[in-house]
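**Student:** Next one to model:
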Amino acid sequence: MKLEIHRILKFNQLSGNLPPELGNLHQLERLILSSNYFTGNLPATYAKLTKLKQIRLCDNQFSGPIPDFIQSWTSLDRMVMQGSGLSGPIPSGISYLKNLTDLRITDLKGPDSPFPQLINLTVVDTLVLRSCNLIGTVPEYFGNITTLRSLDLSYNKLSGQIPNTLGVLEDINLLYLTGNLFTGPLPNWIARPDYTDLSYNNLSIENPEQLTCQQGTVNLFSSSSKRSNLGMVSCLGNNGCPKHSYSLHINCGGKSVTSNKSLTYDDDSYEVGPASFHLSGSNWALSNTGHFFDTGLKVDYYTWSNKTNLAMENAELYTDARVSPLSLTYYGFCLGNGNYTVNLHFAEIMFTDDQTYTSLGRRIFDIYIQGRLVLKDFNIAKEAGGVGKAIIKKFTAIVTNNNLEIRLHWAGKGTTGLPFDSVYGPLISAISVDP
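**Tutor:** Numbers count the residues shown, from 1 in each chain. Take a look at the predicted model:
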């Protein structure tokens, strides 16, 4: 008789080191520790948990490397370590975990490391190795993992050409290679997955027909090492700027509105998808990367509307918001060069404040301006003093080549299942940029 099968402690705000005694529960099959404040190393006694089928260590404050003893968890079919605090490299013993169908490791600390040996993972369906400090080329053997449906290798330092063996994967629907150092031409099969994101790479795209920021369901924003004659990302072309603007106002996720200061904020209600670029009718564009894994919703959402009355100044700016599962970029172009004040408007409109379990949600993300990290681990509700309250974060930006880039990025931290599955990642209400 099995006395202990599952240990689920997610979203409990527990802290301290994990108890070594947990390793004595030899029949344990599920260990879910996500979204707590656990610290320290994973105890060596956990090597004895050989019956584990699922382990989730997301959103914690662990330290030390991913232990070599994970190779003893040969019964695992699901391993999720997103924003755990652990360091790389990914142990070579991961190749022993042949039953894995879902492997997600992200946001590792530590030095650069070569791609882990995954050739034996022949039944994996979802593979996410994002922000793991991986260098070198992508292995050719990925073409033999015919079960792959989702592959995310974004925000590493992977280089070389995109392997053509990925093009033979008939069932793949999500391919994220964002934020790497890939070079060479655009593969002729690249539109075969349902969604592909190649933004932020160094590809050599010479064909004029491919010099677009969106090719079908392929996001090519800033995917080339070239710049236009105007200093813009090359996919926007060399059409020139009829005139320079000295301000930018966007109602993120909502229709055009006019604030009580008589400022008109542009419409940003356009629907985007998991790998999308959208050029506005004004002097800005947006790029979105990411898919909500584990969602209980029928379709992904990329905007959200508040369901209650908001008691704040300029409430119309906070009624709607743009949301992203991973990375959201707003790109202003044809701006006059000089110093600007960037005001980013936020209000948390997805969590509750009713002191119930669902009010324990935490949204945490990073903010980059002009490619520089200006705010790490930003928590809207915490800084605003609660949900449904406005907070404006002010930054200074220097525009030297007539463009301004604002990027919001999820680094694996915060809850992911409150008040329902797939609530995480950046959320922004409005943007105002003025000299």
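**Student:** how deep is N207 tucked in, by neighbour count?
**Tutor:** Counted by other C-beta atoms under 10 Å, the residues lying close to N207 total 8. The C-beta positions use only the backbone N, C-alpha and C, and glycine is treated the same way.
**Student:** Do you know the pLDDT at T212?
**Tutor:** Here the pLDDT value assigned to T212 is 88.
**Student:** give me every residue that touches the nearest residue to it once chain neighbours are set aside.
**Tutor:** Sequence neighbours aside, C235 is the residue nearest to T212 in space, at 5.6 Å (criterion: C-beta to C-beta, 6 or more residues apart in numbering). By C-beta atoms under 8 Å, 6 or more residues apart in numbering, the contact set of C235 is 211-213, 220-224, 277.
**Student:** Just read off the phi/psi values of C235.
**Tutor:** The phi/psi pair for C235 (degrees, to the nearest 10) reads phi -70, psi -10.
**Student:** thinking again about what came up before, among the contacts of C235, pick out the one closest to S159, please.
**Tutor:** Comparing the contacts of C235 against S159 with C-beta to C-beta places S223 closest, at 14.3 Å.
**Student:** Show the pLDDT at that closest one.
**Tutor:** pLDDT for S223: 94.
**Student:** That one contacts S199, correct?
**Tutor:** Yes: counting by C-beta atoms under 8 Å, S223 touches S199, with 5.6 Å between them.
**Student:** a helix runs through Y46, doesn't it?
**Tutor:** Yes: Y46: assigned to a helix according to DSSP: H, G, I helix; E, B strand; the rest coil.
**Student:** So it sits against L22, correct?
**Tutor:** Yes: the pair Y46 / L22 is scored as a contact, 6.9 Å apart, by C-beta under 8 Å.
**Student:** the more surrounded of these two?
**Tutor:** Under the neighbour definition other C-beta under 10 Å, Y46 and L22 were set side by side, and Y46 has more, 21 against 17.
**Student:** which residues does the closest residue to that one other than its chain neighbours contact?
**Tutor:** Leaving aside its sequence neighbours, Y46 sits nearest to G23 (C-beta to C-beta, 6+ apart; 4.7 Å). Residues in contact with G23, defined by C-beta under 8 Å, 6+ apart, are 43-49.
**Student:** do that again at 10 Å, thanks
**Tutor:** 42-49, 69 (C-beta atoms under 10 Å, 6 or more residues apart in numbering).
**Student:** JSON lines please, covering the residues you listed and showing pLDDT.
**Tutor:** Shown next, in JSON lines, are the contacts of G23 (pLDDT from 0 to 100):
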{"residue": "L42", "pLDDT": "97"}
{"residue": "P43", "pLDDT": "96"}
{"residue": "A44", "pLDDT": "97"}
{"residue": "T45", "pLDDT": "97"}
{"residue": "Y46", "pLDDT": "97"}
{"residue": "A47", "pLDDT": "97"}
{"residue": "K48", "pLDDT": "96"}
{"residue": "L49", "pLDDT": "96"}
{"residue": "F69", "pLDDT": "97"}
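**Student:** just curious, which of those residues is nearest to N314?
**Tutor:** Among the contacts of G23, L42 lies closest to N314 (C-beta to C-beta), at 47.1 Å.
**Student:** Surely the closest one is in contact with P91?
**Tutor:** No: using C-beta atoms under 10 Å, L42 is not in contact with P91; the gap is 11.8 Å.
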